[in-house]
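[1] after the sequence you'll find the predicted model.
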Amino acid sequence: MTDLATVDLGQLATEPAAAPLRVHKAHLQDAQNIFDLVNAHSGDGTLLKRSFAEICENIRDFTVAYRDHPETGEVDFLGCGALHLYGPHLAEVRSIVVRQDRRGLGAGDAILEALIAEGEEHHVTSVCLFTRIPDYFEHLGFRMADRTAMPDKIYKDCQTCPRLYACDEVAMVRGPLPHVTMLGPRSIQRPELAQPSEDPLVQISGLAKTGTSR
Ligand SMILES: CC(=O)SCCNC(=O)CCNC(=O)[C@H](O)C(C)(C)COP(=O)(O)OP(=O)(O)OC[C@H]1O[C@@H](n2cnc3c(N)ncnc32)[C@H](O)[C@@H]1OP(=O)(O)O
C-alpha cells in the first residue's frame, strides 16, 4: 500500500509511449535487411554466413521485427530469426539476431516466441537450435541436448561446416528428443561422427581425435 501511494501518476502520464514493436513473417522486401544483419554477425562465427540468394530462397522461414515511429513515419528494422522445418518431428530455430543498438527492447524474445508459435501451428513436436549463448534460450524452454540426437541438422549443415572439427556451439532442444529423422540415419556411426562426448561443447570436435577425414 505504501509503495502504491508514492507513485507520481502525473509524471507517468507525461512519459512518451514506447514505439510499438511489430513482428511478422518476412517478405522478399525484407531480404536485404536480413542479409545485412545476419552477415554482419557471421565473421566471428556467431551466425552462419548466408548468401542473398539463399535468404531469398528461404524467405518464408524468416520472421522479422520492426518498430514503428508514427510521429516521424520512420520504420526501424530491429532483427530477424528463422524456423526451418525438417518434418513433423523437428524444426530448427536459426539466424536469430537483433541489431546491436536495439537490444534489450524485447525484440529477441518476441521473434523467438513467434518462431516457437509457428512450430506449434505446424504441430512440430521438437524444436532444436545450435548456439554459443545457451543461457539466453533457457528461459523460453530450451534445454541442452546431445547433438547426435538431431541427425537432420548434422546432415544438413554440420558436415559441410568449416568448424566441424572445432565446433563451439551447444545443441539445445525444446520438447522431446526426436525419434525419427528425414535426412540421415537415426543412429549416427563413425565416420560421420565420433562417439558423443560427455561435454556438449566437444561432441563434434572429438572427430579430430579419431583421425577421420571427410
Ligand atoms: C540459434 C541461433 O540463432 S544462435 C545465435 C543467437 N544470436 C546471437 O548470438 C546474435 C547476437 N545477439 C543478439 O542478437 C541478441 O542479444 C539476442 C537475439 C540474443 C537477444 O535479443 P534482445 O532483443 O536483446 O533480447 P530481449 O530484449 O528480448 O531480451 C530478453 C531477455 O534475454 C536476456 N538476454 C539477452 N541476451 C542474452 C544473452 N546473450 N545471454 C543471456 N540472456 C540474454 C535479456 O537480459 C532479457 O532478460 P530479461 O527479460 O530478464 O530482462
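    Nice, I can see it. Numbers count the residues shown, from 1 in each chain.
[2] make it CA atoms for all contacts and neighbour counts henceforth
    Will do.
[3] any part of the longest helix anywhere in the chain near the ligand?
    For the chain, the helix with the greatest residue count under DSSP state H is helix 107-121. Yes. Judged by CA under 6 Å from any ligand atom, helix 107-121 comes into contact with the ligand through 107, 108, 109.
[4] who in the protein is up against the ligand?
    46-47, 93-98, 103-109, 129-131, 133, 135-136.
[5] what subset of the residues you listed is buried?
    46-47, 93-98, 107-109, 129-131 (16 or more other CA atoms under 10 Å).
[6] farthest-apart pair in those residues, please.
    The distance between the two most remote of these (CA to CA) is 19.6 Å, for 107 and 130.
[7] bridged to residue 87, which residues?
    With DSSP bridges applied, residue 87 shows beta-bridge pairing to residue 90.
[8] what's the neighbour count on it?
    Applying other CA atoms under 10 Å, we find 17 other residues in the vicinity of residue 87.
[9] gap between it and the ligand?
    Applying CA to the nearest ligand atom, to the nearest Å, the value for residue 87 to the ligand is 18 Å.
[10] rewinding a little: helix or strand right after the longest helix of the chain?
    Next in sequence after helix 107-121, counting helices and strands by DSSP states H and E, comes strand 127-131.
[11] dump that following strand to PDB, restricted to CA.
    Extracted as PDB, the C-alpha positions of strand 127-131 are listed here (Å, rounded to 0.1, in the frame of the first residue of the first chain):
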ATOM      1  CA  VAL A 127      12.400 -27.500 -31.900                       C
ATOM      2  CA  CYS A 128      16.200 -27.500 -31.800                       C
ATOM      3  CA  LEU A 129      18.900 -24.900 -32.200                       C
ATOM      4  CA  PHE A 130      22.700 -24.600 -32.000                       C
ATOM      5  CA  THR A 131      24.100 -21.700 -30.100                       C
END
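[12] from the contact counts, what lies against whatever helix or strand comes next after it?
    Next helix or strand after strand 127-131 toward the C-terminus (DSSP H and E): helix 134-138. Counting contacts by 3 or more CA pairs under 8 Å, 6 or more residues apart in numbering; DSSP states H and E, helix 134-138 is packed against strand 143-144.
[13] for the helix or strand just after the strand it packs on, what does the pLDDT average out to?
    Going down the chain from strand 143-144, the next helix or strand is helix 151-156, by DSSP H and E. Taken as a whole, helix 151-156 has a mean pLDDT of 78.
[14] ok, and what's touching the helix or strand where residue 92 lies?
    Using DSSP H and E, the element containing residue 92 is strand 90-98. With CA atoms under 8 Å, 6 or more residues apart in numbering as the test, strand 90-98 has contacts from 37-38, 47-48, 78-86, 107-108, 111-112, 115, 119, 124-130, 178.
[15] redo that, cut-off 6 Å
    47, 78-85, 124, 126-129 (CA atoms under 6 Å, 6 or more residues apart in numbering).
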